[in-house]
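Chemist: Prediction below, plus the sequence it came from.
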Amino acid sequence: MNELVKIGSTQKAHGIKGELKLNVEEHFMDDLFEVEAVLIEIKGQKVPYFVEDIQEGNSIFIKLEGVDTRTEAEQLMHKDLYLRREDISISDELINSGGMYFKYLEGYTVFDDVEGEIALIDEVAAFPQQEIAYVFYKNRTILIPLNDELILEVDKVQKKVLMNLPEGILGL
């Protein structure tokens, strides 16, 4: 059988036509929008469902073939969501790192586009909403969120990360 990778979970039923709200790890988003089918774990079995439609706005909503009522969608709420490994474009290294996209930044120096050099990233940890860098700055540990909106540039040769840090974060 094909290897499966957990990409997130189903959440609540949405509307009356069998749609489900999804919680998907960000680095699997592009792949989700490209697949023809997803797998949902039901009573220990991964059951395939063809994707009829996916909508993205403030949340992600999926319509699956054969799930046409709210009652049918409610049977699939709060279940693990999987894709086949062959349908995923990210590396095995990223998947095996627990899905931590920015783990490789440990040991890099953070630079702010306004403040200049900040500090070395001691550790990158996964939090429910995003990854966080731990840096030691002015005799205390600061937590810096890591995401594509804040990271302006990564220099892998010189191990530098240029960021646009949120105002006031260094004073927390």
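Modeler: Yep, that arrived.

Chemist: What ranges does the protein have for its helices?
Modeler: Assigned by DSSP state H, the helices in the chain fall at 29-32, 70-74, 92-96.

Chemist: who's in contact with the first one?
Modeler: Where contact means CB atoms under 8 Å, 6 or more residues apart in numbering, the residues beyond helix 29-32 that reach it are Ile7, Leu22, Val24, Val38, Ile54, Ile60, Leu83, Asp87, Ile88, Ser89, Ile90. In this view, the C-beta of every residue, glycine as well, is placed from N, C-alpha and C.

Chemist: Now do the end-to-end distance for stretch 28-36.
Modeler: Stretch 28-36 has its terminal residues 14 Å apart, counting by CA to CA, to the nearest Å.

Chemist: And it, what's buried?
Modeler: Residues of stretch 28-36 classed as buried by neighbour count (16 or more other CB atoms under 10 Å): Phe28, Met29, Asp31, Leu32, Val35.

Chemist: Is it correct that the last one is in contact with Leu81?
Modeler: So the one you mean is Val35. No. If you go by CB atoms under 8 Å, Val35 and Leu81 don't touch, sitting 11.0 Å apart.

Chemist: And the contacts of stretch 139-156?
Modeler: 101-102, 105, 108, 110, 113, 119, 122, 124, 130-136, 160-166, 169-170, 172.

Chemist: got the buried residues for that stretch?
Modeler: Ile142, Ile144, Pro145, Leu146, Leu150, Ile151.

Chemist: Filter the contacts of stretch 139-156 down to the buried ones.
Modeler: Counted by 16+ other CB under 10 Å, the contacts of stretch 139-156 give 101-102, 105, 108, 110, 119, 124, 131-135, 161, 163, 165, 169-170 as buried.
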